[in-house]
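S.K.: Here's my sequence, what's the structure:
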Amino acid sequence: MAGNREFDQSHASQDSRSASPRTPVSLHRFIAFTVACTFLLLIAGALVTSNDAGLSVPSWPFAPGTILPRMVGGVLYEYSHRMVAGFVALLTFALAVWAWLREPRRWVRWLAVTALILVVLQAALGAITVLFFLPPAVSTAHAALAQLFFCTLVALALFTGDWWQSDFPVERESARPTLCAVGIATVTVIFVQLILGAAFRHNAFGVLPHVFGAGVVTAMVAWTVAIVFARYADVAPLRRAAKLLVGLLALQIALGIAAYWAVLYQAQLPQPYPLPVAITVAHVVNGALTLATAVWLTLVAFRLFHPAAEFALVPALRPHPEHGKHAASAGTP
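M.R.: As a prediction, the model looks like this:
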């Protein structure tokens, strides 16, 4: 691609800021805080499974006869997970109400409501998981929905940020397949791979489908990153997301090999030990980060190449024969 896209668009963005209502900065920061808390919730949930603590508190939502049981053994992991989940649910409720009152874009308001619906469904699946003694299908669905919820919040953080709401010249994708199409496919296979991993962790079936899925994910990520560096290496937001995606995938493969060793090693021990637990938790959490990064990269590609008035605060500029090649790279999404 000819043209240097590393340039400052602050002046163009200032005009659109002054002309259009925008997401309050405080709301965007609150969403970012909710994302961070949800990441901690993913860690807490992975600790429950890795420590075999899923039935340490056999009632729901509180422990039998008390709201705050003694936080020892498996109860510490299981009940801490519920407490963090409750806090995230309250944050999500506040986020949805705040967005409904202050967010100027209707579709973002509805996405915030969708996040609230997802966290309610997640709580329901968590209750069923406990009350019906960890059925593999339900436990797997609980883990998969957690990934959807996390990615929804990550998307909200992107949509309400300054970069997404800036106006900039549009560049259309002419080469095929488009980065947007390949990005969607990559997000899909990573999500399926995480479902396969959750199914293995919850004893729904063996590890072979997950191992095969790892190969497919590696191929799709390589394809996505190759497109970015072949066509848009000078587009900073895409380049940074691609580099992060490659790094997370490499780490995930290494953690996956170590996690399989940890599972085999742990099977010989009378109880969960810290090292195998730490490895498996890291593998689960890094998988969530890999999926979220692929979602982020794909959404950035859509904002750059396929903007629509309803999906941006300000109307997207029509392509210009001379300026189209300089598509928005000044800001970091």
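S.K.: rest of the way, CA atoms for contacts and neighbours
M.R.: Will do.
S.K.: Could I get the contacting residues of the spatially closest residue to Gly206 that is not a sequence neighbour?
M.R.: The shortest distance from Gly206 to any non-neighbouring residue, by C-alpha to C-alpha, 6 or more residues apart in numbering, is to Phe200 (5.7 Å). Phe200 makes contact with Gly206, Val207, His210 under the criterion C-alpha atoms under 8 Å, 6 or more residues apart in numbering.
S.K.: Mind checking which of the residues you listed are buried?
M.R.: Of all the contacts of Phe200 considered here, the ones buried according to neighbour count by 16 or more other C-alpha atoms under 10 Å are Val207, His210.
S.K.: Just the contacts of Phe200: which are in strands?
M.R.: When the contacts of Phe200 are checked against strands (DSSP state E), there are no matches.
S.K.: of all the contacts of Phe200, which comes closest to Gln122?
M.R.: Taking C-alpha to C-alpha as the measure, His210 is the one of the contacts of Phe200 closest to Gln122, at 23.3 Å.
S.K.: Tell me which residues touch the closest residue to that closest one other than its chain neighbours, please.
M.R.: In space, His210 comes closest to Leu196 once its chain neighbours are excluded; the distance is 5.3 Å by C-alpha to C-alpha, 6+ apart. Contacts of Leu196 were listed using C-alpha under 8 Å, 6+ apart, and they are Pro209, His210, Gly213.
S.K.: of these, closest to Ala219?
M.R.: If you rank the contacts of Leu196 by distance to Ala219 using C-alpha to C-alpha, Gly213 comes first, at 9.9 Å.
S.K.: Nearest to Pro104 among the contacts of Phe200?
M.R.: Relative to Pro104, the closest of those is His210; by C-alpha to C-alpha it sits at 42.1 Å.
S.K.: ok, now which ones touch the closest one?
M.R.: His210 is in contact with Gln193, Leu196, Gly197, Phe200, counting by C-alpha under 8 Å, 6+ apart.
S.K.: Check the spacing between it and Leu91 real quick.
M.R.: Remark: distance between His210 and Leu91 (C-alpha to C-alpha, to the nearest Å) = 33 Å.
S.K.: And for Gly74?
M.R.: If you measure Gly74 against Leu91 using C-alpha to C-alpha, the figure is 26 Å.
S.K.: where exactly do the strands run in this protein?
M.R.: Remark: no strands are assigned in the chain by DSSP E.
S.K.: Output the below-cut-off pLDDT ranges for it.
M.R.: Per-residue confidence for the chain (pLDDT under 70) gives these ranges: 1-20, 307-333.
S.K.: Would you map out the domains in it?
M.R.: 19-161, 168-333 (automatic domain parsing).
S.K.: Would you mind writing the CA trace of stretch 164-176 as CSV?
M.R.: Once non-C-alpha atoms are left out, stretch 164-176 reads as follows in CSV (Å, rounded to 0.1, in the frame of the first residue of the first chain):
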residue,chain,number,x,y,z
TRP,A,164,-13.9,4.9,17.3
GLN,A,165,-15.9,8.2,17.5
SER,A,166,-13.4,10.2,15.4
ASP,A,167,-14.1,11.0,11.8
PHE,A,168,-11.5,10.1,9.2
PRO,A,169,-11.2,9.4,5.5
VAL,A,170,-12.5,6.0,4.4
GLU,A,171,-10.5,3.4,2.6
ARG,A,172,-12.3,0.5,0.9
GLU,A,173,-10.9,-3.0,0.8
SER,A,174,-10.4,-4.0,-2.9
ALA,A,175,-8.4,-7.2,-2.4
ARG,A,176,-10.1,-10.5,-1.7
